[in-house]
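Undergrad: Pasted the sequence and its predicted model underneath.
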Amino acid sequence: MFILPPVERRRVGRARRCIVWRTALAPCVFLLVSCAVGPNFSRPPTPHVERYVKTDQQSFAAPGGVQTLSPAVQVRDDWWTAFGCDVIDAAVDESLTGNATLERGEATLRRSDDLLRAGAGIFYPQIDAQASASRQRYSPLRTGIESAPSIFNLFTLSATISYTLDIWGGERRQVEALAAQAESQHYALAATYLTLAANVVNAMIARAAYSDEIAATREMIGLVREQIRITQAQVTAGTSAWSAVLSLQNELATLEASVPGLEQRRAEAEHLLALLAGMYPEQWSAPAMSLRDIALPGVLPQTLPSSLVRRRPDILQAEAVLHVASANIGVATAALFPQITLSASGGLDSAVLHSLGNVSGQVWSVGAGVTAPLFHGGALWFQRKAAIDAYAESQAAYREVVLAAFAQVADTLRALEHDAQTVDAQTRAVQSAAEALRLIKESYRAGTVGYLQILIADGQYHQARIAWLQASAQRLQDTVALYAALGGGLVPES
């Protein structure tokens, strides 16, 4: 079994703990909001659909391997190990431990958690202490008494305590919104993990395919050069026209022109891998790799459509954003009602520092205050209306994310079906070209055809093989897309 590196285990552990934390927090949040104004948030219902596409196909067979969907197979958080390639495993580990986007996401997550803890401080009394020392000149004329002014020292030690009665639950709704915001960031980080891993695997597959295509193209270039040499000899002997040489030279130039483009795309894949690993391009080493080193996963996970909305990080993130919008309605509603604040203060005053504790210098006060909004020009009312509109906007955004997720799964299922058909056809083309090459070689040994026909047939075989490489790489990448579309296994179904 593939073992995650220590840093990655800690990161995945934090992602899992956030789900446990969320589950444990749910009853507490319920108690907090049970008597608060505004709507109590309820999770959107699961879509009432039984399948992702109209006609389900459980198996995708092609000469390169048969892929079968099975409900008994769960999406693992290290799903990329299903490709059986140590080079890919190492590249993913390298990116998960060094990616700059993940570091930024983790910092944002810590900030959200800290803001939640800071917001929860509203449920406790606010206590402050003050100490001051001053030298003053006091004039009795300010109180209507004619006497000489005096100069004295004043030392003060005091404390105040205040507490806002959250009668309407506005503060509780505010903390609820902060908790949902932190939850949203947890799922955003999980989505970043998933996207990063998928990008790394896709880039590794593309790089391997480009390397194989470059090798096959260079072999074809060698074959065409041999054809040109033979054709030039035939022209010298008067058995062939010079136009045949020109045609082959054109084919040679076209093939040679395609190699830099393939090398550029391979270099771009390598630079992308360096970026994803948090390195500069010159720091990232490119291990040798071929499509032959990558195994096609044979058994793929099959999940019910109803469970997709409970496991995909982007859907859960949109749900958390919807929760934030719901809580904000309660915050705006509570602002329409009176707020009650309890306060108390006490202190010690003295003109001499060593007498600061004397009873004669003690002062205190206890009070309660009510603040009721009377007229704000409609601001508070329309702020509540805006919060309701924001909730409707988040509902539409959530539905859009769900629809896009289902479309992505449907696309990948159809892609796997069509990839199998394409690979099957390309395999037959390679086999036909190989058989034609074999027969021509036998005819050459029998003396019925020239060597030039062998070179032509060999070129056709290499062209068919390049098309097969492209189809095989696409099949692997669409398999990656399926793992990503199903949520990548980072979030257990909740």
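TA: Sure, I can see it.
Undergrad: mind checking the longest strand of the chain?
TA: When the chain is parsed with DSSP state E, its longest strand is strand 150-165.
Undergrad: Only C-alpha atoms, please: export that one in CSV.
TA: The C-alpha coordinates for strand 150-165 follow below in CSV (Å, rounded to 0.1, in the frame of the first residue of the first chain):
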residue,chain,number,x,y,z
SER,A,150,-5.0,73.9,43.5
ILE,A,151,-2.4,71.6,42.0
PHE,A,152,-2.5,67.9,42.9
ASN,A,153,-1.6,64.4,41.7
LEU,A,154,-4.3,61.9,40.8
PHE,A,155,-3.7,58.2,40.7
THR,A,156,-6.5,56.0,39.4
LEU,A,157,-7.0,52.2,39.2
SER,A,158,-10.3,51.0,37.7
ALA,A,159,-12.0,48.1,36.0
THR,A,160,-15.0,47.8,33.8
ILE,A,161,-17.2,44.8,32.8
SER,A,162,-19.9,44.7,30.2
TYR,A,163,-22.1,42.1,28.6
THR,A,164,-24.5,42.3,25.7
LEU,A,165,-27.6,40.2,26.1
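Undergrad: elements contacting that strand?
TA: Packing partners of strand 150-165 (3 or more Cβ pairs under 8 Å, 6 or more residues apart in numbering; DSSP states H and E): strand 126-138, strand 339-350. Any C-beta I mention is one placed from the backbone N, CA and C, and that applies to glycine too.
Undergrad: strands paired with it, and their directions?
TA: With DSSP bridges as the test, strand 150-165 is paired with strand 126-138 (antiparallel), strand 339-350 (antiparallel).
Undergrad: Can you point out the buried residues in it?
TA: By neighbour count on 16 or more other Cβ atoms under 10 Å, the buried set for strand 150-165 is 155, 156, 157, 158, 163, 164.
Undergrad: Of those, which is the nearest to residue 39?
TA: residue 164 (22.7 Å; Cβ to Cβ).
Undergrad: Would you map the helices across the stretch 151-300 of the chain?
TA: Under the criterion DSSP state H, counting those that start in this stretch, the stretch 151-300 of the chain contains helices at 170-237, 242-276.
Undergrad: ok so, going back, got JSON lines for the buried residues of strand 150-165, with pLDDT and distance to residue 424 too?
TA: Below are those laid out as JSON lines (pLDDT from 0 to 100; distance: Cβ to Cβ, whole Å):
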{"residue": "155", "pLDDT": "88", "distance to residue 424": "93"}
{"residue": "156", "pLDDT": "91", "distance to residue 424": "89"}
{"residue": "157", "pLDDT": "91", "distance to residue 424": "87"}
{"residue": "158", "pLDDT": "91", "distance to residue 424": "85"}
{"residue": "163", "pLDDT": "91", "distance to residue 424": "74"}
{"residue": "164", "pLDDT": "87", "distance to residue 424": "71"}
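Undergrad: Dump those residues to JSON lines, plus distance to residue 476.
TA: Formatted as JSON lines, the buried residues of strand 150-165 follow (distance: Cβ to Cβ, whole Å):
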{"residue": "155", "distance to residue 476": "79"}
{"residue": "156", "distance to residue 476": "76"}
{"residue": "157", "distance to residue 476": "74"}
{"residue": "158", "distance to residue 476": "72"}
{"residue": "163", "distance to residue 476": "62"}
{"residue": "164", "distance to residue 476": "59"}
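Undergrad: which one of the residues you listed sits closest to residue 355?
TA: If you rank those by distance to residue 355 using Cβ to Cβ, residue 155 comes first, at 8.6 Å.
Undergrad: residues near the closest residue to residue 79 other than its chain neighbours, how many?
TA: In this structure, residue 79 finds its nearest non-sequential neighbour in residue 483, 4.5 Å apart by Cβ to Cβ, 6 or more residues apart in numbering. Residues lying near residue 483 (other Cβ atoms under 10 Å) number 24.
Undergrad: host element of residue 483?
TA: Using DSSP states H and E, residue 483 sits in helix 451-485.
Undergrad: Please identify the deepest-packed of the helices and strands packed on strand 150-165.
TA: Of those, the one with the most neighbours on average (mean count of other Cβ atoms under 10 Å) is strand 339-350, at a mean of 16.
Undergrad: Can you list the helices and strands that the following helix or strand past it packs against?
TA: Per DSSP H and E, strand 339-350 leads on to strand 362-371 as the next helix or strand towards the C-terminus. Here strand 362-371 touches strand 339-350, going by 3+ Cβ pairs under 8 Å, 6+ apart.
Undergrad: Do me a favour and average the pLDDT over the strand it packs on.
TA: The pLDDT scores in strand 339-350 average 90.
Undergrad: to the chain's geometric centre, what's the distance from it?
TA: 50 Å (Cα atoms, centre = their mean, to the nearest Å).
Undergrad: now the angle from that strand to helix 170-237?
TA: On the basis of axes from the mean of the first three to the mean of the last three Cα atoms, to 10 degrees, strand 339-350 is oriented at 110 degrees to helix 170-237.
Undergrad: Poorly predicted segments of the protein, please.
TA: Applying pLDDT under 70 to the chain flags the ranges 1-35, 494.
Undergrad: sorry, back to before: and the helices of the stretch 151-300 of the chain as CSV, adding distance to residue 304?
TA: Formatted as CSV, these follow (distance: least, Cβ to Cβ, whole Å):
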stretch, distance to residue 304
helix 170-237, 19
helix 242-276, 32
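Undergrad: which of these sits most buried?
TA: Highest mean neighbour count among the helices of the stretch 151-300 of the chain (mean count of other Cβ under 10 Å): helix 170-237, with a mean of 21.
Undergrad: Which other helices and strands does that one contact?
TA: Contacts defined by 3+ Cβ pairs under 8 Å, 6+ apart place helix 170-237 against helix 6-33, helix 86-98, helix 100-119, helix 242-276, helix 313-334, helix 451-485.
Undergrad: could you redo the last one with a cut-off of 10 Å?
TA: The helices and strands touching helix 170-237, judged by 3 or more Cβ pairs under 10 Å, 6 or more residues apart in numbering; DSSP states H and E, are helix 6-33, helix 86-98, helix 100-119, strand 150-165, helix 242-276, helix 313-334, helix 451-485.
Undergrad: what's the closest of the ones you listed to residue 287?
TA: With Cβ to Cβ as the criterion, residue 287 lies closest to helix 86-98 of those, at 5.2 Å.
Undergrad: and the closest one, which residues are buried?
TA: 87, 88, 89, 91, 92, 93, 94, 95, 96, 97.
Undergrad: coming back round to it: closest one to residue 456 among the helices of the stretch 151-300 of the chain?
TA: Closest of those to residue 456 is helix 170-237, at 6.9 Å (criterion: Cβ to Cβ).
Undergrad: hmm, back to that, I'd like to know which of the helices of the stretch 151-300 of the chain is closest to residue 424.
TA: Closest to residue 424 of the helices of the stretch 151-300 of the chain is helix 170-237 (Cβ to Cβ; 18.3 Å).
Undergrad: now the closest one, how far from the chain's geometric center?
TA: Taking Cα atoms, centre = their mean, one finds helix 170-237 lying 17 Å from the centre of the chain it belongs to.
Undergrad: And for residue 422, the neighbour number?
TA: Quick note: residue 422 (other Cβ under 10 Å) scores 19 neighbours.
Undergrad: actually residue 360, not the one I wrote
TA: 8.
Undergrad: Isn't it up against residue 350?
TA: Yes. Counting by Cβ atoms under 10 Å, residue 360 does reach residue 350; the two are 8.4 Å apart.
Undergrad: Now do the contacts for residue 173.
TA: Residue 173 makes contact with 32-33, 36-39, 41, 166, 326-334, according to Cβ atoms under 10 Å, 6 or more residues apart in numbering.
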